[in-house]
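Trainee: any chance you can model this:
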Amino acid sequence: MTDIALAVIGGTGLYKLADLQDVETHQPVTHYGALSGPVRVGTLGGHRVAFLARHGEGHSLPPHKINYRANLAALQALGATRVLALNTVGGITERFGPRVLACPDQLIDYTWGRVSTICEEPGTEVLHVDFGEPYTRSLRQAVIDAAASAGVALVADGCYGATQGPRLETRAEIVRMRRDGCDLVGMTGMPEAGLAREMGLDYACLAIVANWAAGAGPDPDEVITLQDVLDNVAAASSGLPRLLSALLGARATR
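Mentor: Residues are numbered from 1 along each chain as shown. This is a model prediction of the structure:
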């Protein structure tokens, strides 16, 4: 299959693309092992789109147990060359409060112990990829332009800090991350972005802010419930269908 215009990887609270039509189910075998779950391939606005739930469709995989290599390899095997990662995150700095949609341009990796390269197996080529800009500039700009065209509010920059999880961060850790320059905190941004670069995939992140990170909001003692998170994700992602349609339409007119 070579006609996939875009692959979308969904994070917490985003386990399907509701507007995907004529859906086929694929579960390619990769030499990296099992992926998170089935890849749903269908049409969106007349374009072929692949969707994969990063944590599994039943949210059964914690961040450190996700087989990021298999997920990306499966999408690539199906013909995807562009990957839009949807990441549910916490907001650290003032512009990134709950229900904000952001397209970060930088990241800092605080994860550990995850397989973070396709150079792991004996005999594979050792790659030293340029990662100064961790997200593909052209795809980021296309996402930003699509949001503007669709009338979807989007913060067009920011630094994503990837933590190990699955626990949330302490207040002291968030203070450190703010000092380091992080605007957003999530658990799945790496090694996914780095692996995409090694595999030659265009990759961008669309971060969906579900809550303030620990101690970061106007009420440092606020207790966030799971329902709050799900409500905020739903509100922040309400414009996603319009953004994706604009993104796909812009590619078709080139």
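Trainee: what's the residue located most distally from the centre of the chain sitting at in phi/psi?
Mentor: Ranked by distance from the centre of the chain (CA atoms, centre = their mean), the top residue is residue 123, with 30.2 Å. Main-chain torsions, residue 123, degrees, to the nearest 10: phi 90, psi -10.
Trainee: quick one, what contacts the closest residue to residue 212 other than its chain neighbours?
Mentor: Using CB to CB, 6 or more residues apart in numbering and skipping the chain neighbours, the partner closest in space to residue 212 is residue 91 (5.4 Å). For glycine as for every other residue, the C-beta is placed from the backbone atoms N, C-alpha and C. With contacts taken as CB atoms under 8 Å, 6 or more residues apart in numbering, residue 91 has the following neighbours: 97-98, 100, 183-184, 209, 211-213, 216-217.
Trainee: and residue 91, bridged to which residues?
Mentor: Under DSSP bridges, the beta-bridge partners of residue 91 are residue 184, residue 212.
Trainee: likewise the one 10 residues further on?
Mentor: For residue 101, the beta-bridge assignment (DSSP bridges) gives partners residue 208.
Trainee: please renumber so the chain begins at 46
Mentor: Sure, I'll start numbering at 46, so the last one becomes residue 146.
Trainee: tell me who's in contact with it.
Mentor: Shown here is residue 146, whose contacts under the criterion CB under 8 Å, 6+ apart are 192, 197-200, 251-254, 281-282, 284.
Trainee: columns secondary structure, pLDDT and neighbour count on top of these, output as a markdown table?
Mentor: Written out in a markdown table, the entries for the contacts of residue 146 read as follows (DSSP: H, G, I helix; E, B strand; the rest coil; pLDDT from 0 to 100; neighbours: other CB atoms under 10 Å):
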| residue | secondary structure | pLDDT | neighbour count |
| --- | --- | --- | --- |
| 192 | helix | 97 | 23 |
| 197 | coil | 97 | 19 |
| 198 | coil | 96 | 12 |
| 199 | coil | 97 | 19 |
| 200 | strand | 98 | 19 |
| 251 | strand | 97 | 26 |
| 252 | strand | 97 | 29 |
| 253 | strand | 97 | 27 |
| 254 | strand | 97 | 29 |
| 281 | helix | 93 | 22 |
| 282 | coil | 91 | 21 |
| 284 | coil | 92 | 17 |
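Trainee: tell me the one of these nearest residue 157?
Mentor: Proximity of those to residue 157, judged by CB to CB, is greatest for residue 252, which lies at 21.6 Å.
Trainee: do I have it right that the closest one meets residue 203?
Mentor: Yes: with contact defined as CB atoms under 8 Å, residue 252 reaches residue 203; the gap is 7.2 Å.
Trainee: who touches both of those two?
Mentor: 147-149, 229.
Trainee: quickly note the distance from the residue nearest to residue 257 to residue 94.
Mentor: The gap separating residue 136 from residue 94 is 28 Å, by CB to CB, to the nearest Å.
Trainee: now do residue 64
Mentor: Using CB to CB, we find residue 64 at a distance of 9 Å from residue 94.
Trainee: these two: who's more crowded?
Mentor: Neighbours around residue 64 and residue 94, counted as other CB atoms under 10 Å, are more numerous at residue 94. The numbers are 24 against 14.
Trainee: the strands in the stretch 96-245 of the chain, which residues?
Mentor: Under the criterion DSSP state E, counting those that start in this stretch, the stretch 96-245 of the chain carries strands at the ranges 127-136, 146-147, 151-154, 204-207, 229-231.
Trainee: mind putting the ones you listed in JSON lines, mean pLDDT included?
Mentor: Written out in JSON lines, the entries for the strands of the stretch 96-245 of the chain read as follows (pLDDT from 0 to 100):
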{"stretch": "strand 127-136", "mean pLDDT": "97"}
{"stretch": "strand 146-147", "mean pLDDT": "98"}
{"stretch": "strand 151-154", "mean pLDDT": "98"}
{"stretch": "strand 204-207", "mean pLDDT": "98"}
{"stretch": "strand 229-231", "mean pLDDT": "98"}
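Trainee: just name the most buried of these.
Mentor: Using mean count of other CB atoms under 10 Å, the stretch among the strands of the stretch 96-245 of the chain with the largest mean neighbour count is strand 229-231, at a mean of 29.
Trainee: alright, calling it a day.
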